[in-house]
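Colleague: Would you be able to build a 3D model of this:
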Amino acid sequence: MTELPKTARGAATRARIVDAATELVRAHGVANTTIDAVIEASKVSKSQVYHYFADKDDLVLAVIQRQAECVLGTHEELLCKLNSFAGLRRWRDAVVELARQTNCAGGCPLGSLAAELAEEPRTRAALAESFAQWASYFETAFARMQTRAGRRPGGNLKELSEAMLVSLQGGLLLAQTMRSTRPLELALDMAIDHAANSLRLQPPRD
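Modeller: Sure, this is the predicted structure:
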């Protein structure tokens, strides 16, 4: 990406451009979002857009970063102190409730971007990094559970964490398609049960 602004005014202008692009991409997809549409939505000039972004691809990378900050920030807050399967189920309930509040529309912002951008190397790398960070929150939480149980963290935590994320993404996709939280609930419940059995810790519904 191009160099970040050095002034507060520049940072505000750049943020307004990214905000507008993020909303347009979320509503219409990357392919249907043009630089001209971003200019109109953000109320900036074309020269300002190209001052902060080399091209549309550069702007799309900023959109990925913005969506990652939003999504990962929400889940990090829910998972950062989690140390039990009871806590993991509270996270599950919060995720289901968020989906229910939107009638399951829109799906996962990062997942939606991946569906469009996973074949282009730069955007795929940025998305893969975001998903890896997301999975790390589960891995850290599972390690805390083991420590709380008096056991040294270890085992297949990375695989279990990736499975949790896969279940979440698949559940969100089917929930979006079926306009029902039921697929999401089933996917997360099965993933949590599998993690509990694999780690041989407290049953998830205690």
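Colleague: Give me the buried positions along the helix ranked longest in the chain.
Modeller: Using DSSP state H to assign secondary structure, the helix with the most residues in the chain is helix 121-148. Under the neighbour-count criterion of 16 or more other CB atoms under 10 Å, helix 121-148 has 123, 126-127, 130-131, 134-146 buried. Where C-beta positions appear, they are placed from N, C-alpha and C, glycine not excepted.
Colleague: Next: stretch 161-168.
Modeller: The neighbour-count check on stretch 161-168 (16+ other CB under 10 Å) flags 161-165, 167-168 as buried.
Colleague: now stretch 72-91
Modeller: For stretch 72-91, the neighbour count (16+ other CB under 10 Å) marks 72, 75, 78-79, 82-85, 87-89, 91 as buried.
Colleague: Can I get those in JSON lines including secondary structure?
Modeller: Output for the buried residues of stretch 72-91, formatted as JSON lines (DSSP: H, G, I helix; E, B strand; the rest coil):
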{"residue": "72", "secondary structure": "helix"}
{"residue": "75", "secondary structure": "helix"}
{"residue": "78", "secondary structure": "helix"}
{"residue": "79", "secondary structure": "helix"}
{"residue": "82", "secondary structure": "coil"}
{"residue": "83", "secondary structure": "coil"}
{"residue": "84", "secondary structure": "coil"}
{"residue": "85", "secondary structure": "helix"}
{"residue": "87", "secondary structure": "helix"}
{"residue": "88", "secondary structure": "helix"}
{"residue": "89", "secondary structure": "helix"}
{"residue": "91", "secondary structure": "helix"}
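Colleague: The spatially most central residue of the chain: which element?
Modeller: Geometric centre of the chain, nearest residue: residue 71, 4.1 Å, by CA atoms, centre = their mean. Taking DSSP states H and E as the definition, one finds residue 71 inside helix 56-79.
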